[in-house]
Structure formats: C-alpha cells, structure tokens
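[1] coords please:
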Amino acid sequence: MGSTLITRIGELVTNEGGPGPDGMAAVTDGALIIEDGAVAWTGPAARAPAADSAVDAAGRAVLPGFVDSHAHLVFAGERSAEFAARMAGRPYQAGGILTTVAATRAAPGAVLRANLRRLAAEMLGQGTTTFECKSGYGLTVADEARGLALAAEVTPEVTYLGAHVVPPEFAGDVAGYVDLVRGPMLDACAPHARWIDVFCEEGAFGADEAAAVLAAGRARGLGTRVHANQLGPGPGVRVAAEAGAASADHCTYLTAADLDTIVSARLVATLLPGAEFGTRHPYPDARRLLDAGATVALATDCNPGSSFTSSMAFCIALAVRDMRMTTQEAVWAATAGGARALRRPDVGHLGVGARADLILLDAPSHAYLAYRPGVPLIAAVWQAGRLAAGAPPGT
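    Numbering: from 1, shown residues only. Coordinates of the predicted model:
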C-alpha cells in the first residue's frame, strides 16, 4: 500500500491530549502519515517526513473517524407515520418496537441484508468508520440469530439484544421469555456477537430480569451494555454498574445516585440525542455528567422508530445546541468517547499506531460540524488507511 502523507491540514484533531474531553488535542497547519493501515506520524506540516504519495488538505480539518457505539440496523419496514403522530402530540412508548418486529420477521434475508448494507454505506459516507449493530427486531431464536449473522458481515461490534421487548407470543409470560433469551436464544446468538444488551425500562424489562439476561451473556463471554433510564427514572444505571457494563446508553433521566454510580463505576454514559429529537423527550444533561467527571459518548441510535438518523454530525450539532456540550467535548464524545464505550483503544484517536480511520472536512475546523448543521461537510473518509468514501482535494 505504501505510505501517504496528508499535509497542510488546517486543524488536525488527534484526541491525544489526555484521557477526557479536554484531551481533544489539535495541531494547526499539521500533517499526518498513514502506513500499513495505521497512523505512522503526526505533527507540524513543516516537519513532515517524506512519503510515497501525498494529499494536500489545503487548510481543511482532519478528524478521527466517528465511532457510533449504538445502532439498530437490522430491520425491515419503516415508521414514518408513527413519527408524524409523535410530532403531532402522541407520546412515545416502547411498544412501537413491535411494529418493526413484525416487518422484520416477515422479510427475506436478502431484504434485511440490502437495507443493512445501505445504512452501513450511508454511515461511512458521513464519516463513521466504526459502528456497533444490535439485533432486537426478531425476538425468536431463528430471527435473532439471522439478524446477528447479518450484522457480523459488516461490523465486528455486534450486540445481541434479544431482551428488547417481550414479543406478542409471550404476552403475560415475561419470565418465560427471559428464560428463552438467556437459554436457547443465547445459545444460537452468542457465536455471532461480542456484546449483550437489555432494554431495562418500564414496559420492557425490570432490574431482576435485566440482571439475569446480562449474567447469562457474561457467562458466555459477552461484554455487557444496557439501555438505561431513557423513558424515566429507573434501575438501568445500577444494573449496568453491577453487571460491569461498558456503557449505560440513553441516560436521559438520572438521579444524583445514578450520576454517582456512573462516575464511580467508570461507566461510559452514551447519549443519543437523535432519540430525544425523534420522541420529544428532554435531552440528557451532558453538562451535568461532564462536570461530575463522567466519560460521555455520543451515538446515533439509528433505528426506524425513535431515531432514524445515521448522521453523527447531526448528533454533534444537537449535543452542542441542546445538551450544553462544547464543540470540543461533542467531537471527542463522537470519536474517542464512542471508542471507550466499545472498549476499542485502536480507534477514536489519531495517535501513532492507531488504526488510520480519519475524515477530511470541507471546512477549516471541527466546530463547523455544529456551526453548519445539516450541511454535508465530509469531503473524504479513510478507513484502515484506505480511501473509503469521497475524494481528497485535487483528485
């Protein structure tokens, strides 16, 4: 492959300044060398060593590729009418998931694969170079295993979410469904997954049920994650901490005790502002989390019901405008924060040795992601050192 020098970078964001959002280090008039799929050198453009080929960034910004640590991409159908009704005043409820479950169960595998790959390509074109993908719209042994096998075709960050909601055939028998999720369904799904997740929420699964599911997954070698405190106060954060989860996701309704738990247990609080945009719930208080010393990640929650966006840039803009994050904090959360949520030290930053996942903005600064919301600013994307989307200047 040879080495590639990207030079005359107006702002090179490396995330190498420290362990938290204040560590969104940036080099002005910088340069970076890619070699063998990894970052080989960063520094001032005037001191850049020679390389086999060169790209002139012409004053544009370069950032780590976005790391989207929460997405639901294996599904069929759409729910635009439900969205329109919510915007007209109908409240969001977890039960809407069952509409997608019915469509997904009925869909041929080829349809699910085509939709999944379309969304994965859509993410890549918008700068997302690492993403997590959950099951959760099959809710039978065969359908969950099918969904996870498809997800594993496009990402190593595959999450088994059999405990999304209780399907209609188990109405009135939550215990029976939990036994299925942590028994035969887990047996079929664990070989395809790295993670296990549970929707711990009123209308989905309670604390004891969620803990049982997570314990079974942990016993099979899966890492744990939790949908926590999205629709109201509840036990989700505590359950996540007790399970040693990598992240508690949503964190919209947090008590003081929840906040203390997130910090003391070193849980990553993954915030999903697209879901609040799509449900009219209050946005999470990112400022409160950050000021308490929590590690915060941003992710899209891309799904057909509550957050049908694949744009990390959109989520950054929402976080800055409505969640009181600085532009630096939001970009760190969408890159290094997501990598922390996935326990991936190789991505989310541009330090020497990191995987060469990077994006070139058609803008001089990372701040433009929030400053120019809704504008397509991703000029080029490199994934593991290869140009994967767009085209650099002069090509």
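
[2] so, low pLDDT: which residues of the protein?
    Scanning the chain for pLDDT under 70 picks out the ranges 1, 18-23, 92-95, 394-395.

[3] how is it carved up into domains?
    Here the domain parsing of the chain from automatic domain parsing is 3-65+348-390, 67-341.

[4] can I get those domains in a markdown table including mean neighbour count?
    All C-beta spots, glycine's among them, are computed from the backbone N, C-alpha and C. A markdown table is the format used below for these (neighbours: other C-beta atoms under 10 Å):
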| stretch | mean neighbour count |
| --- | --- |
| domain 3-65+348-390 | 20 |
| domain 67-341 | 21 |
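
[5] for the stretch 201-350 of the chain, which segments are assigned as helices?
    207-219, 236-242, 256-264, 273-279, 286-291, 312-322, 327-332, 338-341 (DSSP state H, counting those that start in this stretch).

[6] between these, which one is nearest to Glu157?
    With C-beta to C-beta as the criterion, Glu157 lies closest to helix 338-341 of the helices of the stretch 201-350 of the chain, at 9.8 Å.

[7] what lines up beside the helix or strand just after the closest one in the sheet?
    Helices and strands here follow DSSP states H and E; after helix 338-341, the next one along the chain is strand 358-361. Strand pairing for strand 358-361, determined by DSSP bridges: strand 61-64 (antiparallel), strand 378-383 (antiparallel).

[8] hang on, Ala228 packs against Glu242?
    No: counting by C-beta atoms under 8 Å, Ala228 does not reach Glu242; the two are 11.7 Å apart.

[9] Glu82 is in what secondary structure piece?
    With DSSP H and E as criterion, Glu82 is part of helix 80-87.

[10] distance from that helix to the middle of the chain?
    In terms of C-alpha atoms, centre = their mean, to the nearest Å, the gap separating the centre of helix 80-87 from the centre of its chain is 24 Å.

[11] what residues does the following helix or strand past that helix touch?
    Downstream of helix 80-87, the next assigned helix or strand under DSSP H and E is helix 97-106. Helix 97-106 has contacts (C-beta atoms under 8 Å, 6 or more residues apart in numbering) with 74-77, 79, 82, 112, 136-140, 143, 147, 164-165, 167-168, 303-305.

[12] kindly export helix 97-106 (C-alpha atoms) in CSV.
    Taking C-alpha atoms only, helix 97-106 is exported to CSV below (Å, rounded to 0.1, in the frame of the first residue of the first chain):
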residue,chain,number,x,y,z
ILE,A,97,-40.9,-1.6,18.5
LEU,A,98,-43.3,-4.5,17.8
THR,A,99,-44.3,-2.9,14.5
THR,A,100,-40.7,-3.3,13.3
VAL,A,101,-40.6,-6.8,14.8
ALA,A,102,-43.5,-7.9,12.6
ALA,A,103,-41.9,-6.5,9.5
THR,A,104,-38.5,-7.9,10.2
ARG,A,105,-39.8,-11.4,10.9
ALA,A,106,-41.6,-11.3,7.5
